Every structure is written in C-alpha cells, then in structure tokens.
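> Give me coordinates for this.
(chains A and B)
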Amino acid sequence: MIRSLLIANRGEIAVRIIRACKELGIRTIAVYSEADRKALHVKMADQAICIGPPPSKDSYLNISNIVSAALNSRADAIHPGVGFLSEKAEFARKVQEAGLIWIGPDPDAIDMLGDKIRSKENATKYGVPCTPGIEGAITNIDETVAKVKKMGLPVIIKASAGGGGKGMRIVRKIEELSDNIKIAANEAEKSFGDGTVFIEKYLENAAHVELQMMGDKHGNVIYLGERDCSVQKNHQKLVEEAPSPLVTPEIRKKMGEDAVRLFKGIGYSGAGTIEFLFKDGQYYFMEVNSRIQVEHPVTEMITGVDLIKEMIKVANGDVLSVKQEDIRIDSYAMEIRINATAPGTVKEYLPPSGFKVRVDSFLYNGYTVPPTYDSMVAKVIIGAPTRAEGINKMLAVLDEFHLEGVPINLELQKKIINTQIFRKGGFGTQVLDSIMKEIG
Amino acid sequence: MDTKDILAVIEKFNQTALAEFKYREGSVEFHLKRHADVVYASAPAAAPAAPSVPAAPAAAAPVPTAAPTGETINSPIVGTIYRTPAPDAPPFVEEGKSVKKGDTLCIIEAMKVMNELVAEFDCEILRVLVDNQHFVEYGTPLFEVRRK
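Numbers count the residues shown, from 1 in each chain, chains lettered A, B, ... in the order given. As a prediction, the model looks like this:
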C-alpha cells in the first residue's frame, strides 16, 4: 500500500507527480540538488531532502543518495519521472532491493527494451514490423559495407545504447560509410560508455508516431492512441499532437494490437511509449521508452485518463481502471514546449487558462531558472474538437502566455504552428526545415 | 469563543515572534504553529513547506539550538549518522577534542554501506551538531570545527 512516495526528479514533472499524489492522499517527499533549493517541487512536497551538489551526476543521478533519502523519510515508493534515472534498470533494482515499490515496469522488462538491438529483436519476436536493416551489431566494417551495397542507401547508423541523436549518423554515399561507423561508435562510447552500433535503412522524412501504452501487474495491457511528434529540432520534440493526421482508425488498431502483443509478451506494467517511424501508411518499430513521457498530457487530454495516477495505482498492484473499449479517440489535443533560451529570473509570470487549457510548469514570480538542467520551463496543452480548431485555439492561448525575465521560444512556436505546412499536416521529421523556409 | 475571535487570535499570533501557541477553554481547543519550525531538513537555508501529514519525528535530525558560526564539516552523502564504531563503543570524536587529518569523525550509513567520514585537515571539534543515528542529507552540517 503506497502511503508515501519519493519523487526522484525535478521541474514540471516532479510538480505533476506531487499533484497526483496529493489527489490520492499520498505523502510526498521531494529531493533536490543545491541548485534547486527554491524550486517549486521542493516547496510543494510534504518533505524535501537535499541529495547533492548541482551537477546531475552527483544529485539526481546519485542512486545511493536517493534510495537513502527514501528509506530515511519512510517512503513506500519511488517515482522516477522522466529522464535522469527513469529508464535505468539498475536503479529500479536497487529501489526494489531496498524494499520499496518502483513506479514503473519490472527491471527485467526495462532490460529487454533498454538496448536498441535487443528491443528490436523482441519487437520482431512478437510480430511488430521493424525498419529493414542489418541484423545485430556491427562487428566487421568490410562485411557491413558489402551488405549496405546490397541493401541500398541511404542508411542510418544508430547507437544501441543511444538516445537524443548521440551516435547517430545518416549516410548517403557508400564511400563515407566506414568512416561514419567509426565516428558513430566513438561518439556512442563517449556518451554512453558503450560503442555498439547497428545499421538500418534510412526512411527519408518519415513521421514520428508513438503509442501510449499502459499495463498492470495482472497481465492487462491497453493502448491509449498515438501522438505525432514530427516537429523536431536536433531530435528534440517541439510540438506534439494527437491523433496523428496520418493515422487512420484501422492503422491505429493494427499498430495498437501489435504493441499490446509485445508489451504482454515481455510482461510490461506501468506506462510506456512505443515509438514508430511512419511512412506511406506503414509503421516501423523504432524503440520503447519504458517510462512516462514529457508529452503524456496530450494523451490525457483526449482520453481523460490520468496517466500518473494510473501508474501509481498499478504499481500498487491495482487492476487498470480503464479497458481498451473505454479509450475513444474522437477529439484533438496539442502540446507546445516552452523552452528557455537562456537562464534568468522570473519577473512576471501569468500563464494562460480557460476551457481545455492546461499549463504544466514550475515557474513562479521571483524564481531563477538555473543553467544546470533541461531548458524546458513550461508545457502548454489544449484540447479541441478538431485539428483546425485546435491550432487556432493554441495560437490564442499562446498569446496569453506572459513571462518576463526569462527569454523563451514562444514567438517561434507560434510561427511554426501558424504555417501553411503545419496547418496542412501529414509531414515527417524533416518538416522544420520547410517550416523555417516558409517563415523566412 | 467564536470564529471571529479565533481569526483575531491568528492575526495577533502572526504579529508576534511566537513559534507556537496552544489554546484550550472548555470544548474549544486549537494549536497554532509556524511553518519555519517544522523544518525537517537540517541543511542551511533549506525551508521546505510544512508537511500536511506530520513527518516522522524520529527520523529527523534536530535543528541545532544555535546556528554554527564557524567552519563546519558537512555530510557529503545522504544517510544515517553513527558517531560510534559499535553500539557500546565511545564516539569517534567528542566536543573539545582535536583530530588529525585522516582521523575518522563518524560513519554515515547509506544503503547498508558504512562510509567512514574522515577529517580532511587537523582541527578541533568545537561542537557536534547532530545526534547519533539521525538522518542527514547532503550538506547537513555535522561538526563545527576550528582549523589548526
């Protein structure tokens, strides 16, 4: 029985989790680095514990300090949030070994998905379509070059331990392949301590479509519709929307059933996201994020399911409170990420509000955004009956977003969703280049 | 006493420097307490909001009666402090004693690992700021010292 919960995170996601706990009557314990003494999650929690100096590796990534803080504050459970330790099976195991409840999938399930080569093998095993490519890790460069010649260009080299575009290279000329393999492996080694790389056929300008999944410990798994996150800059998502203009109800059902088979197969419980590349009506498995995601409010807005509360309940052993037939995708939702372009102190903050308008943030008047962590300072989410209405609504809502003292990407975001290209919809992940041309 | 009276008392309480105020008369009873006084963390300047559910008092390190004015040795990790090498043994260090660089000051237990905290310089222990077997967070001042 979860009566108290430690949130091993900071920023808006920590605030989001604290809110869910308060609704459930759960005592909350925040952890913070010295740079976050005045952070909102510290103020909101029932108790707050300093776990280290500003660098993440010494605080928010310090497993020992976090588990000690949980034990000493008599927490029953740990919610890892997003980023930081949220996908580390090692952390999940330490949490469980300490006798605490881990809010997330079993560490063995995380292991089956954490490594990209392994997760692709699992996807294939359970019949989820994958991007064509060369099976397994690259061991012999000459053999790989020969195989790529047969398969055809362009290809993408990916790090098995990868994320955020590190160790990722697109190759369009065969003579550049072997050098790029070495560069990618080197980059992967430096970023993740693991230089394992593999090769896939590169799908030019495919869309990024991901499905929200949720499972419990009783073998139930459902899908809660997709999100389209194709508007990206350097692999960082800027705009997320649901449903995707490219996905028909038939494709959604097929994709959802494929994903449910995989998640049931590996015994997945809690929230997770399966990411696909989508092109010409076909979807290709990319990876699974075994945690909640930043853009989860988009799904909450259209389905009405509180994903964070559901995560806590299923970790507690409860049966999923919603069934597949309860999930209806019959409206539209969009999220805009508001990123700080430099650190600063909030002089005046007045977020928008209104019918089906949601702002998740950790800003308050007088708060100083530190330069130490992620640049995202707020997420604005809207719900509307249709995509066209949703775009207009978001533009009106963003006009209301008032922040002085911290420079943000608000004006650019407004321009992006107001372009002809965005309004038309149905684009791939290279859309930002065309959008920027249209903006001029 | 009616609601108006109680509100008036709260207002007066806010104007005073009192930390706590208990009132009882017949069936009426109330207890006012200032947020700052239920600070759980003992690190300087940390002032988390008052718990809506009381924090377990046994786990909390006591707030020192007076804030240390001199140099302090702070906890480098989160854990439970042990001032003695064994339950019935004398403490590693006492107030007024001098220690040499490398001497053990205390043990901080984190995830069942006993971490010895050693002095990084020769010094005199002026004050011990935390009690045995209490929980310390990162940066909690443990000893007030004078360098030698």
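> The residue of the stretch 201-350 of chain A found nearest chain B: neighbouring residues, count only.
Distance from chain B to each residue of the stretch 201-350 of chain A (C-beta to the nearest C-beta) is smallest for A:Ile312, at 16.5 Å. Glycine gets a C-beta too; all of them are placed from N, C-alpha and C. A:Ile312: 24 surrounding residues under other C-beta atoms under 10 Å in any protein chain shown.
> Hmm, it is touching A:Leu5, no?
Yes: the pair A:Ile312 / A:Leu5 is scored as a contact, 7.1 Å apart, by C-beta atoms under 8 Å.
> so what sits against both of those two?
Shared contacts of A:Ile312 and A:Leu5 (C-beta atoms under 8 Å, 6 or more residues apart in numbering or on different chains): A:21, A:26, A:77, A:79, A:103.
> So which of the residues you listed are in helices?
A:Cys21 (DSSP state H).
> any idea which of the shared contacts of A:Ile312 and A:Leu5 is closest to chain B?
A:Ile26 (9.3 Å).
> Which helix or which strand is home to the nearest residue to the closest one once chain neighbours are set aside?
Once flanking residues are discounted, A:Ile26 sits nearest to A:Leu5: 5.2 Å by C-beta to C-beta, 6 or more residues apart in numbering or on different chains. Following DSSP states H and E, the helix or strand that holds A:Leu5 is strand A:4-7.
> Doesn't A:Glu287 belong to a strand?
Yes: per DSSP: H, G, I helix; E, B strand; the rest coil, A:Glu287 lies within a strand segment.
> That one contacts A:Gly114, correct?
No: using C-beta under 8 Å, A:Glu287 is not in contact with A:Gly114; the gap is 9.4 Å.
> Including pLDDT, could the shared contacts of A:Ile312 and A:Leu5 go into a markdown table?
Shown next, in a markdown table, are those (pLDDT from 0 to 100):
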| residue | pLDDT |
| --- | --- |
| A:Cys21 | 98 |
| A:Ile26 | 98 |
| A:Ala77 | 98 |
| A:His79 | 98 |
| A:Ile103 | 98 |
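> Name all residues that make contact with the nearest residue to A:Arg328 once chain neighbours are set aside.
Closest residue to A:Arg328 apart from its sequence neighbours, by C-beta to C-beta, 6+ apart: A:Thr303 at 7.5 Å. Counting by C-beta under 8 Å, 6+ apart, A:Thr303 touches A:224-225, A:322, A:327-329.
> out of those residues, which is most surrounded?
A:Leu224 leads the contacts of A:Thr303 on contacts (other C-beta under 10 Å) with 26 neighbours.
> On the three-state scheme, that one is what?
Using three-state DSSP, the three-state assignment for A:Leu224 comes out as strand.
> host element of the residue nearest to it when sequence neighbours are not counted?
Spatially, and ignoring its direct neighbours in sequence, A:Leu224 is nearest to A:Gln212 (4.2 Å; C-beta to C-beta, 6+ apart). Using DSSP H and E, A:Gln212 maps to strand A:207-215.
> What is that strand packed up against?
strand A:221-233, helix A:249-265, strand A:270-279, helix A:307-315 (3 or more C-beta pairs under 8 Å, 6 or more residues apart in numbering or on different chains; DSSP states H and E).
> could I get those as JSON lines with mean pLDDT and distance to A:Met168?
Shown next, in JSON lines, are the helices and strands packed on strand A:207-215 (pLDDT from 0 to 100; distance: least, C-beta to C-beta, whole Å):
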{"stretch": "strand A:221-233", "mean pLDDT": "97", "distance to A:Met168": "13"}
{"stretch": "helix A:249-265", "mean pLDDT": "98", "distance to A:Met168": "23"}
{"stretch": "strand A:270-279", "mean pLDDT": "97", "distance to A:Met168": "13"}
{"stretch": "helix A:307-315", "mean pLDDT": "98", "distance to A:Met168": "28"}
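> returning to what we had before: want to throw the contacts of A:Thr303 into CSV with distance to A:Gly83?
As requested, the contacts of A:Thr303 are exported to CSV (distance: C-beta to C-beta, whole Å):
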residue, distance to A:Gly83
A:Leu224, 21
A:Gly225, 24
A:Val322, 26
A:Ile327, 27
A:Arg328, 31
A:Ile329, 28
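> All the strands of the stretch 51-200 of chain A, in order from the start?
Along the stretch 51-200 of chain A, the stretches classed as strands by DSSP state E, counting those that start in this stretch are A:77-79, A:101-102, A:133-134, A:155-159, A:169-171, A:197-201.
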